[in-house]
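1. Whatever this is, show me its structure:
(one chain, ligands or ions: 1)
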Amino acid sequence: MTYRSGRHFLQIPGPTNVPDRILRAIDRPTIDHRGPEFGQLGRRVLEGLKEIFKTRHPVVIFPASGTGAWEAALVNTLSPGDKILMYETGHFAMLWHKMATRLGLEAEFIPGDWRHGADAEAIGARLAQDDGHRIKAVCVVHNETSTGVTSRIPRVRNAIDHARHPALLIVDTISSLASIDYRVDEWGVDVTVAGSQKGLMLPPGLSFNSISDKALAAAKSAGLPRSYWDWEDMLANNRSGYFPYTPATNLLYGLDEAIKMLLEEGLDQVFARHARHAEATRRAVRAWGLELLCAEPSEYSNSLTAVMMPEGHDGDRLRQIILERFDMSLGAGLTKLKGKVFRIGHLGDFNDLTLLGTLAGVEMGLACAGVPHRPEGVRAAMEYLAPPAASKPAGEPRQHRTAQAAQAAAQLR
Ligand SMILES: Cc1ncc(COP(=O)(O)O)c(C=O)c1O
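-> Numbering: from 1, shown residues only. This next block holds a predicted model:
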């Protein structure tokens, strides 16, 4: 491989670009994971995570990719043959369903069209029929990374409550945590599944479960075999900041820094920043004359956008041209969307100019690949991000502005 100057644009919807502050934090000598310094680090990150997940309850960390936390969520709460209800939002929901079946669960899958989020009414209707409360858990992917559709979790919670059903609510937030608003306690989520490599801005390698009291009680009688994923050993060790086996120490240095960065910026600001970049991206897509895969505006994802290719044009060819010409990686269409969409990741460590560089790479790529489009996307995004002073749309969020810049602008008016 020859050297390519400049920084690669990693605009897949995770793993995301790792900021220098986190790289520097990880780049330190590994310490004794049974020594006193580690205990302090462990306690700090375990406490800090509660703020990110918005919970008073424990959050556990596995040295594993997100798939590990999927498995941990199921094996700690369920028994062989248990019935669970899952919703087909896209590729990742499908993989989770496959895992549940492999683990010996009776996993009912409500079919979806991969353009909408989980339908809370359909979930509620199914639960209402379940008189004997055979369904032990409802599993939903909050942000379906294969489609760019965000399901409305509070509606799912309401549907469960309305049906007066005792099922656990288990939510995958792998591509939403720390980029799209998510509240464990307020939304009554029993188990969250999350990963390090997206909104948390870390390399891949850590995954998480938040655990409600109800989930912890379910774990007492859950009969699926488990050892590595067992919450009990983990929680017992975590009380003093330690782990039951060797933790990913250097990734925890990075996590410590990531939590600091997210809290310095403020979670509300982090969510607003993602919302603003997502809206700018959607404006660019429309200006190109292309179609968004997500069919429901209230379910648009703020962490990624899946763009449909015009008939007769292949998304993988476009991505290959963009990689070769402009050194940028975009997300592929997965399983039944292969070649039919490409996905722009706009999450994690990201600002206006990273977004504009990304959109410029896509716009140039569309031209190079001969995909019919109007070359107006970057301009549409720029106009949204920095509207000319006289035509600033009323009520438009300007959260990117620092207090100092706002003061300077006020003086100019
Ligand atoms: C929504 C969602 N769930 C689960 C996974 C699987 O996580 P991992 O690949 O880290 O094992 C991913 C990966 O991108 C994802 O986006």
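
2. What distance do you get for the one residue in the stretch 51-200 of the chain that gets nearest to the ligand to R43?
-> Evaluated by C-beta to the nearest ligand atom, the stretch 51-200 of the chain has G66 as its residue closest to the ligand, separated by 2.8 Å. For the C-beta atoms, the positions are set from N, CA and C on the backbone; glycine is no exception. Separation of G66 from R43 (C-beta to C-beta, to the nearest Å) stands at 24 Å.

3. Those two: which has the busier surroundings?
-> G66 (26 against 15; other C-beta atoms under 10 Å).

4. Spatially nearest residue to that one, not counting backbone neighbours?
-> G195 (3.5 Å; C-beta to C-beta, 6 or more residues apart in numbering).

5. My guess is the one you found contacts S65. True?
-> Yes. The criterion here is C-beta atoms under 8 Å, and G195 meets it with S65 at 6.4 Å.

6. more crowded one of those two?
-> Shown here are G195 and S65; by other C-beta under 10 Å, G195 has more neighbours (28 against 17).

7. Bridge partners for that one, pull those for me.
-> S207 (DSSP bridges).

8. Tell me which stretches of the chain form helices.
-> Taking DSSP state H, the helices of the chain run over residues 20-26, 36-53, 66-77, 91-102, 120-129, 153-162, 213-221, 231-238, 249-265, 267-288, 315-326, 352-368, 377-385, 403-412.

9. Now do the contacts for A284.
-> L359, V362, E363, G377, V378, A380, A381 (C-beta atoms under 8 Å, 6 or more residues apart in numbering).

10. The ligand versus that one, what's the distance?
-> The gap separating A284 from the ligand is 23 Å, by C-beta to the nearest ligand atom, to the nearest Å.

11. ok, now how distant is that residue from R379?
-> Counting by C-beta to C-beta, the gap from A284 to R379 is 9 Å.

12. cool, A120 as well?
-> 38 Å.

13. Who has more neighbours out of those two?
-> A120 (22 against 15).

14. Give me the nearest residue to the more buried one, chain neighbours excluded.
-> Nearest to A120 is R155, by C-beta to C-beta, 6+ apart, at 3.7 Å.

15. what's the longest strand along the chain in contact with?
-> Ranked by number of residues, the top strand in the chain under DSSP state E is strand 135-141. The contact list for strand 135-141 (C-beta under 8 Å, 6+ apart) reads 73-74, 77-79, 82-87, 89-90, 92-93, 96, 100, 108, 118, 123, 126-127, 151, 153, 156, 160, 165, 167-172, 174, 190, 218.

16. likewise stretch 332-341?
-> 90-91, 94, 114, 146-147, 293, 306-309, 314-317, 319, 342-343.

17. What residues does this structure have near the ligand?
-> Proximity of the chain to the ligand, by C-beta under 6 Å from any ligand atom, involves residues G14, S65, G66, T67, F92, V141, T145, D172, I174, S175, G195, P204.

18. Just the buried residues of these.
-> Buried by 16 or more other C-beta atoms under 10 Å: G14, S65, G66, T67, F92, V141, T145, D172, I174, S175, G195, out of these.

19. Using a markdown table, please lay out these together with pLDDT.
-> A markdown table is the format used below for those (pLDDT from 0 to 100):
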| residue | pLDDT |
| --- | --- |
| G14 | 97 |
| S65 | 98 |
| G66 | 98 |
| T67 | 98 |
| F92 | 98 |
| V141 | 99 |
| T145 | 98 |
| D172 | 99 |
| I174 | 98 |
| S175 | 98 |
| G195 | 98 |
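
20. hmm, which two among the residues you listed are most spread apart?
-> For these, the maximum inter-member distance is 15.5 Å, found between S65 and V141 (C-beta to C-beta).

21. Buried residues of stretch 200-207, list them for me.
-> L200, M201, L202, P203, G205, L206, S207.
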